[in-house]
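> Below are the sequence and a predicted model for it; my questions follow.
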Amino acid sequence: MTLEEYGVLFLAALRRTRIAVPEGTFLYRAAEEVVEMTAAYESDGGIFLRTGDPVNALAAFAYGLGWLDAGSRIGLLEPLAAHPPDLVDACIPDSESAHLDEKTRRYRRMLLDALAAVRAAPDEASPLSPGAEALCSVAHSWYTDGVEHFEAGDLVGALARLSYGYAWLDAGIRVGFLGITGDRSLFTV
């Protein structure tokens, strides 16, 4: 899937998304924030794409879809859907290779630090505790997959996976499933 197709997929997924919890509830505000973050990254990705910055477009699309999928899996959004970045095969021009390398290395380092800086927020006896653990597990899995792609020389695949996984942590923190135990600047709080 090209970067343009990835953006179209993202916009279509965002347009299908609805808040799944009743208005006026505490969870409704959390769902609104997930939708706001998702929409912001869809918009940013489109702007980056139109202005000739495919590296940041790729990161924004993957990150935004990670927010969308995490919100869906948490139960705040419907339909329950997944848009993992494993279908992206974006062509980043050679002129952007240094930018791609720098951003991918930075996201790899930041996501590793972020994984070490979170903990499950709900009490272990809470029915939400397994959800918190699942959010961390998903982020860690995409981190591992991203590192494998990085080490194989696939920086496009690596950046998409690292961005997507990072979003799961950020969404988990924003809605209260995860707590920050380390550097708060690693998260969008």
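Arrived safely. Only a predicted model underlies this, so the values are computations on that prediction, with no experimental measurement involved. Numbering: from 1, shown residues only.
> any low-confidence regions in the protein?
By pLDDT under 70, the chain contains no weakly predicted segment.
> Go through it and flag its longest helix.
Assignment by DSSP state H gives helix 26-50 as the longest helix of the chain.
> now the helix or strand following that one against helix 26-50, angle please.
Later in the chain than helix 26-50, the nearest helix or strand by DSSP states H and E is helix 54-74. Relative orientation of helix 54-74 versus helix 26-50 (axes from the mean of the first three to the mean of the last three C-alpha atoms, to 10 degrees): 160 degrees.
> partners of the very next helix or strand once past helix 54-74 in the sheet?
Later in the chain than helix 54-74, the nearest helix or strand by DSSP H and E is strand 77-78. The strands that strand 77-78 pairs with in its sheet are strand 18-19 (antiparallel) (by DSSP bridges).
> If we ignore the residues flanking it in sequence, what's nearest Leu11?
Distances taken as C-beta to C-beta, 6 or more residues apart in numbering place Glu42 nearest to Leu11, at 6.0 Å, with adjacent residues excluded. C-betas here are computed from N, CA, C, even on glycine.
> what about that neighbour, neighbour count?
Residues lying near Glu42 (other C-beta atoms under 10 Å) number 22.
> Can you give me the distance of it to Pro93?
When distance is defined by C-beta to C-beta, to the nearest Å, Glu42 is 23 Å away from Pro93.
> Pro85 too?
20 Å.
> Can you give me the buried ones in stretch 94-101?
Of all the residues in stretch 94-101, those buried under the rule 16 or more other C-beta atoms under 10 Å are 96, 100.
> Centre of the chain to that stretch, how far?
22 Å (C-alpha atoms, centre = their mean, to the nearest Å).
> Would you mind extracting the C-alpha trace of it into CSV?
Output of stretch 94-101 as CSV, limited to C-alpha atoms (Å, rounded to 0.1, in the frame of the first residue of the first chain):
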residue,chain,number,x,y,z
ASP,A,94,16.3,8.7,-1.6
SER,A,95,16.5,12.4,-0.9
GLU,A,96,14.6,11.7,2.3
SER,A,97,16.8,8.8,3.5
ALA,A,98,18.7,10.8,6.1
HIS,A,99,15.4,12.2,7.5
LEU,A,100,13.9,8.7,7.5
ASP,A,101,16.9,7.2,9.3
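> Perfect, I'm done here.
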